[in-house]
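1. Have a look; sequence and predicted model below, questions after that.
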Amino acid sequence: MGRLFGTDGARGIANTELTCELALQIGRACGGLIGCAAFKNTVEQVCLESARPPKVLIGMDTRASSSMLAAAMAAGLNSVGVDAVQTGVAPTPAVAYLVPHGGYSAGVMISASHNPCEYNGIKLFQADGHKLPDALEEQIEAVILDETAPPPAKIGGQVGRTLVDTAALSAYLDHLCATVSYGLARDLAAQGRRRIALDCANGSASATAPELFRRLGFAFDLLAAAPDGVNINADCGSTHTEALRAHVRSHGLDAGFAFDGDADRLLAVDENGALVDGDKIIAICAKQWKAEGRLRRDSAVVTVMSNLGFHTFCQANHIACETTAVGDRYVLERMTEKGYSIGGEQSGHIIFSDFASTGDGQLTALQLLEVMRKTGRPLSALAGEIETFPQVMVNLKVSQLGKLRCNGDAEIQNAVCRAEAELGKAGRVLVRVSGTEPLIRVMIEGRDAERIRTLAQELADVVKARLL
């Protein structure tokens with residue numbers, strides 16, 4: 001993790017930790033570095049080679065603070081001669097898609113994803129729609145914190161402008177529709193699967209999911225799609241699926257889909273109201289794509305948080321599985337490096353590299369529905385093929401200093417080794433620092449639920465004694 005950026009952008013409580021001043025500084029530093037090769041990546045930037053100024057697309061979620069931070073970010077870009085184009089409320093994957101397809105030099109998403117409304121964040125994208133690599137984030141940090149090569153301020157006609165283009169989202173929805181069969185909804189209805197539910201988390205999906213599923217001809221119930229600036233992720237969405245699960249059961253629906261605040265992740269609910277997490281969605285889609293010859297190198301990429309049951313499923317179905325650090329950016333890096341087509345996280349960040357450069361909750365919902373259509377099987381039957389090993393997670397709130405000390409603490413590492421020795425090959429132990437929250441996560445997995453609960457608490461007690 002960097003000094004300002006974690007595993008998914010810069011995060012903090014809006015207006016105290018993530019201030020307007022910091023957003024302006026990030027905008028200025030970002031704008032000053034846009035011409036470098038790392039930002040351009042392999043995408044030809046015509047605007048940089050012509051008389052026109054570079055332009056950056058800015059999207060945001062529905063938090064009360066998002067418009068404030070988007071304005072500050074735009075002001076920073078404008079101050080160094082970069083045009084800012086505001087698209088209003090949009091999903092993170094919409095920004096990632098529109099940047100390369102709209103000729104933008106970079107993209108910005110103002111969002112704290114699944115976190116409560118008081119938090120916010122700034123995610124940056126290169127010209128090809130990929131998240132910034134660590135090295136480029138470090139350059140931005142150096143400009144801000146070390147005053148390394150600060151970009152010169154522009155004056156007069158060289159100052160950038162802030163523009164608005166809310167119509168851009170239509171192109172993103174066109175793209176999503178093109179990833180599935182034209183008769184998807186009709187064919188599912190013919191199989192007896194007629195109605196679904198969409199939980200938009202009172203976030204970015206509220207601006208796109210209803211229109212997307214209407215275009216495709218679905219009948220759906222809409223939940224948590226009335227954002228008011230403070231209700232984003234509040235008892236709804238992918239972090240709080242209880243209401244969706246109850247709704248699917250009580251109304252006899254065929255599936256439910258829960259997005260998070262910026263719609264880059266998805267968790268599903270089967271017709272019985274049972275949760276279908278990211279591991280199971282990846283497994284379902286990977287198996288189907290392998291059968292169709294679409295799963296490149298017969299491989300999938302997941303993180304260290306994925307359940308042992310996922311790995312067991314992959315072995316049984318002759319799917320190779322690679323593991324990365326937590327964070328969809330690291331999943332994508334491995335997918336890009338090896339040319340893989342499916343990867344993601346248990347939390348619901350799932351990347352289909354044939355169609356997207358980041359996790360996309362709405363795209364994931366469509367791909368899962370497509371598998372249901374092709375197999376003619378209900379979601380419960382598809383998900384039932386993947387065993388879930390008991391898993392215990394203990395989240396411990398710590399200071400920034402505690403996060404920095406965690407991995408180097410000898411007593412914590414010794415406690416981890418003792419737990420691993422007791423579990424052997426029948427379990428897994430993980431202690432990791434959250435990249436987006438002030439937390440240490442202690443996770444233990446194995447077949448004996450009671451024993452892993454005890455081990456997790458014992459290990460958490462060691463972490464608390466050392467870091468709290």
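-> That came through fine.

2. Which parts of the stretch 1-150 of the chain are strands?
-> 10-13, 55-60, 83-89, 106-110, 119-125 (DSSP state E, counting those that start in this stretch).

3. same for the third one, what does it pack against?
-> Taking 3 or more Cβ pairs under 8 Å, 6 or more residues apart in numbering; DSSP states H and E as contact, the helices and strands that strand 83-89 lies on are strand 55-60, helix 66-79, helix 92-101, strand 162-164. C-betas here are computed from N, CA, C, even on glycine.

4. Deepest-packed of these, please.
-> Of all the helices and strands packed on strand 83-89, strand 55-60 has the most neighbours on average by mean count of other Cβ atoms under 10 Å, namely a mean of 27.

5. and that strand, how far out from the chain's middle?
-> Counting by Cα atoms, centre = their mean, to the nearest Å, strand 55-60 is centred 18 Å from the centre of its parent chain.

6. Same question for stretch 160-172.
-> 22 Å.

7. May I see the buried residues of it?
-> By neighbour count on 16 or more other Cβ atoms under 10 Å, the buried set for stretch 160-172 is 160, 162, 168-169, 172.

8. Quick one, which of the residues you listed has the minimum pLDDT?
-> Among those, Ala168 carries the weakest pLDDT, at 91.

9. can I assume that residue sits in a strand?
-> No: under DSSP: H, G, I helix; E, B strand; the rest coil, Ala168 falls outside any strand and is assigned helix.

10. picking up where we left off before, let me know which of the helices and strands packed on strand 83-89 is the nearest to Ala286.
-> Within these, the stretch nearest Ala286 is helix 92-101; the backing value is 19.7 Å (Cβ to Cβ).

11. between the closest one and strand 119-125, how big is the angle?
-> 30 degrees (axes from the mean of the first three to the mean of the last three Cα atoms, to 10 degrees).

12. what about helix 92-101, distance to the chain center?
-> With Cα atoms, centre = their mean, you get 14 Å for helix 92-101.

13. same thing with stretch 232-244?
-> 16 Å.

14. Show me how this protein divides into domains.
-> 10-168, 196-383, 391-467 (automatic domain parsing).

15. show me where pLDDT drops low in the chain?
-> 1, 35-51 (pLDDT under 70).

16. Distance to Arg373 added to the helices and strands packed on strand 83-89, as CSV?
-> As requested, those are exported to CSV (distance: least, Cβ to Cβ, whole Å):
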stretch, distance to Arg373
strand 55-60, 30
helix 66-79, 36
helix 92-101, 22
strand 162-164, 38
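
17. Out of the ones you listed, which is closest to His349?
-> helix 92-101 (10.0 Å).

18. For Cys177, find the nearest of the domains of the chain.
-> Ranking the domains of the chain by proximity to Cys177 (Cβ to Cβ) places domain 196-383 first, at 5.7 Å.

19. now the helices for the stretch 151-300 of the chain?
-> Along the stretch 151-300 of the chain, counting by DSSP state H, counting those that start in this stretch, helices occupy 169-177, 184-190, 209-215, 242-251, 278-291.

20. Distance to Tyr119 added to the ones you listed, as JSON lines?
-> Shown next, in JSON lines, are the helices of the stretch 151-300 of the chain (distance: least, Cβ to Cβ, whole Å):
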{"stretch": "helix 169-177", "distance to Tyr119": "24"}
{"stretch": "helix 184-190", "distance to Tyr119": "36"}
{"stretch": "helix 209-215", "distance to Tyr119": "22"}
{"stretch": "helix 242-251", "distance to Tyr119": "22"}
{"stretch": "helix 278-291", "distance to Tyr119": "22"}
